[in-house]
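Enquirer: The sequence and its predicted three-dimensional model are supplied below.
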Amino acid sequence: MSAPGSLLITDVRPYGEGDPVDILIVDGVIAEIGPDLTAPAEAERIAGGDAVLLPGFVDLHTHLREPGREDTETIASGSAAAALGGYTAVFAMANTDPVADNSTVTDNVYRTGREVGLVDVHPVGAVTVGLGGKQLAEMGMMAAGAAKVKMFSDDGKCVDDPLLMRRALEYAKGLDVLIAQHAEEPRLTVGAVAHEGPTASRLGLAGWPRAAEESIVVRDALLARDAGTRVHICHASTEGTVELVKWAKAQGISITAEVTPHHLLLTDARLESYDPVNKVNPPLREERDTAALRRGLADGTIDCVATDHAPHAAQEKCCEFSVARPGMLGLETALSIVVETMVTPGLLDWRGVAKVMSERPAQIVGLTDQGRPIAVGEPANLTLVDAAASWTVRAADLASLSGNTPYADMTLPATIRATVLRGAVTAHEGAVRR
Ligand SMILES: NC(=O)N[C@@H](CC(=O)O)C(=O)O
Ligand SMILES: [Zn+2]
C-alpha cells in the first residue's frame, strides 16, 4: 500500500453529479477539489476516467473467519476482498473460533487488521460468552480495549432469551455501544434450511417462517424502547420486518436495520437446483419480500446495505442442501448488486448509494472518520466507481479464499476502479496494493 503523501485523482464526478473535477489529497485529507488541479511532481496520480466518486463503503456485517477458519478467509484475504469491493471499513463478526467474546481476541483482530492496512477492521464483540446465549460477555472490557469495540452481536445466533437481551441493551446503553441482533426465534426454525413457502414444500425442505424473524424484531424494538437505547437489526429479509421497522421508527424507537445485497436480488426460486450456494440465513425469500426491501431501502426505513460476507470451504458447500453451511460471499459484488437492484431501476441515485453504503452505516455505529462528505478538509476515504462498465463474476478470480458466490458467471453492472483509505490507494483496476 502506498504511503500517504500527495495523491491527485483526475476526472471524477463526486456523487455522479456535475462536470468532472480533480481531487488533491495531502497527508490523507482532501486538500482541494476543482478543475485542472496541479500537484507536486512526486505525487501519485490516478486517472479517474469520469468515474463516480463516492465516500468509501462501510460494511457493518462481515465474517472474516480469523481466528479459527483461516482456510476459508483471513483478515488479510477478507481485507483484500473489501478493498476491491470499494470498502474502507468493515465490522468483523464475533463468531470466530475462539469466539470474540473477550478483549484479547477483539484486540488481536484489530491489530492484525491495522497491520494488513487495506481497510479499517473493526471487531464486533460477542454479546454472550461463547455465543452461548446464557451469560453476558465482558462488553465493557472489549469497549475499553485497543479495538474500542463499538458494536456487539451474537450474529449467527440470536440472543433469544428476552431477559438477557434486555440486560444487554441496558448494559450497551451505559457503554454507548450498539447491539446488532440476528433476529431468529430458534424455536420456530428447528431443522429449517429454506424459506417456509410453496418452493420449500415442493422441494421437501424444512421451512424457516417469516415470523421467526419478525417476532424478534418487534420484541427487540419494544425492549429498546423500554431501555431507552438503540438496537440494530441484521440482514432484514421479510416484508413484515420492513413494516415493523417502519412502525417502530414512527413510535420514536431508536431502531436501525440493514439489508444484504442477496436479499435485495435473489429469491427462493433459486432453490430449484438444490445448489447449496443458495443456502443462507436468513433464507432467500419471495418477490414480495425483495420488493418490500428495495422500497424500504429507498425510503430510508431500511437504513443501509451490509454484505453478511460469509465465506465457507468448498467441502462445506458441496454436500446435500440440508447439511451445507449457510452463508454466501458478498464484499466484492455488493456495489454491483446495489446498482442492479436500486440504481438501474431508479430507486436510488448515487447520493442515495453513498448514504446506504457509507454514511448511514458509519453513523449507526458511531464512526466519525468514515462516511464523511466529499469535501475539503475531510479524510480521504473514497471509492471510484466505473458506472458504465460491467464484469463477469468468476469465483476463482475473487480475492476471497472461498468461492461461495451466488453470482458465479453472471455479468453484473459497475466496477470499482479504485479505493482510497486515508489518502493511500488500497485497490486499483482490480488489484490490491499492499
Ligand atoms: N448468514 C449466514 O448464513 N451465515 C453466517 C452467520 C450469519 O450471518 O447469520 C456465517 O457466519 O456463516
Ligand atoms: Zn446472521
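Expert: Okay, I see it. Ligands and ions are numbered 1, 2, ... in the order given.
Enquirer: Stretch 312-332 vs ligand 2: in contact?
Expert: No: applying Cβ under 5 Å from the ion, one finds stretch 312-332 separated from ligand 2 by no less than 8.6 Å. For the C-beta atoms, the positions are set from N, CA and C on the backbone; glycine is no exception.
Enquirer: switch to numbering from 220
Expert: I'll keep to 220 as the first residue from here, and by that count the last item is stretch 531-551.
Enquirer: how long is that stretch end to end?
Expert: The first and last residues of stretch 531-551 sit 15 Å apart, counting by Cα to Cα, to the nearest Å.
Enquirer: Equivalent analysis for stretch 480-496, please.
Expert: 15 Å.
Enquirer: List the buried residues of that stretch.
Expert: P480, H481, H482, L483, L484, L485, T486, D487, R489, L490, P495, V496 (16 or more other Cβ atoms under 10 Å).
Enquirer: Kindly report the same for stretch 310-323.
Expert: Within stretch 310-323, the residues scored as buried using 16+ other Cβ under 10 Å are F310, A311, M312, A313, N314, T315, V318, A319, D320, N321, S322.
Enquirer: quick one on the thing from earlier: which of the buried residues of stretch 480-496 fall within helices?
Expert: P480, H481, H482, L483, L484 (DSSP state H).
Enquirer: sorry, back to before: tell me which of the buried residues of stretch 480-496 is nearest to ligand 2?
Expert: H482 (11.5 Å; Cβ to the ion).
Enquirer: Count the residues that sit near whatever residue of the stretch 520-653 of the chain ends up closest to ligand 2.
Expert: Closest contact between the stretch 520-653 of the chain and ligand 2, by Cβ to the ion, is at D527 (6.4 Å). D527: 29 surrounding residues under other Cβ atoms under 10 Å.
Enquirer: same thing with D380?
Expert: 13.
Enquirer: Kindly report the same for the one 5 residues further on.
Expert: Here the count is done by other Cβ under 10 Å, and R385 has 18 residues near it.
Enquirer: Equivalent analysis for V396, please.
Expert: For V396, the neighbour count with other Cβ under 10 Å is 22.
Enquirer: do the same with G359
Expert: G359: 16 neighbours (other Cβ under 10 Å).
Enquirer: Would you enumerate the residues in contact with it?
Expert: Y390, L394 (Cβ atoms under 8 Å, 6 or more residues apart in numbering).
Enquirer: One more: A250?
Expert: By Cβ under 8 Å, 6+ apart, the contact list for A250 reads L243, I244, V595.
Enquirer: and the gap between whichever residue of the stretch 220-369 of the chain sits closest to ligand 1 and S619?
Expert: Proximity of the stretch 220-369 of the chain to ligand 1 (Cβ to the nearest ligand atom) peaks at H282, 4.5 Å away. Noted for H282: a distance of 11 Å to S619, by Cβ to Cβ, to the nearest Å.
Enquirer: hmm, back to that, kindly reformat the buried residues of stretch 480-496 as CSV containing distance to ligand 2.
Expert: Output for the buried residues of stretch 480-496, formatted as CSV (distance: Cβ to the ion, whole Å):
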residue, distance to ligand 2
P480, 15
H481, 12
H482, 11
L483, 16
L484, 18
L485, 16
T486, 19
D487, 18
R489, 19
L490, 19
P495, 17
V496, 17
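Enquirer: Now for those: which two are most distant?
Expert: Farthest pair in the buried residues of stretch 480-496 (Cβ to Cβ) is L483 and P495. Separation: 21.0 Å.
Enquirer: quick one: low-confidence ranges for the protein?
Expert: Within the chain, the stretches with pLDDT under 70 are 220-223.
Enquirer: And what about the residue of it most remote from its centre, helix, strand or coil?
Expert: What lies farthest from the middle of the chain is A260; by Cα atoms, centre = their mean that is 37.8 Å. In three-state terms, and counting by DSSP: H, G, I helix; E, B strand; the rest coil, A260 is coil.
Enquirer: Considering only the buried residues of stretch 310-323, which also neighbour ligand 1?
Expert: Among the buried residues of stretch 310-323, the residues that sit close to ligand 1 (Cβ under 6 Å from any ligand atom) are N314.
Enquirer: returning to that earlier point: quick one: which of the contacts of A250 has the most company?
Expert: When neighbours are counted by other Cβ under 10 Å, I244 leads those with 27 neighbours.
Enquirer: show me what contacts L279?
Expert: Remark: with contacts taken as Cβ under 8 Å, 6+ apart, L279 is in contact with F310, M370, A399, H451, E477, C523, A525, P580, I583, V584.
Enquirer: contacting residues for the third one?
Expert: Right, the one you point to is A399. L279, H280, V343, M370, F371, S372, D374, V450, H451, I452, C453.
Enquirer: Same list (those) but as TSV, adding secondary structure and distance to ligand 1.
Expert: Output for these, formatted as TSV (DSSP: H, G, I helix; E, B strand; the rest coil; distance: Cβ to the nearest ligand atom, whole Å):
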residue	secondary structure	distance to ligand 1
L279	strand	11
H280	strand	7
V343	coil	11
M370	strand	14
F371	strand	15
S372	coil	9
D374	coil	5
V450	strand	17
H451	strand	13
I452	strand	12
C453	coil	7
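Enquirer: Thanks again, I'm all set now.
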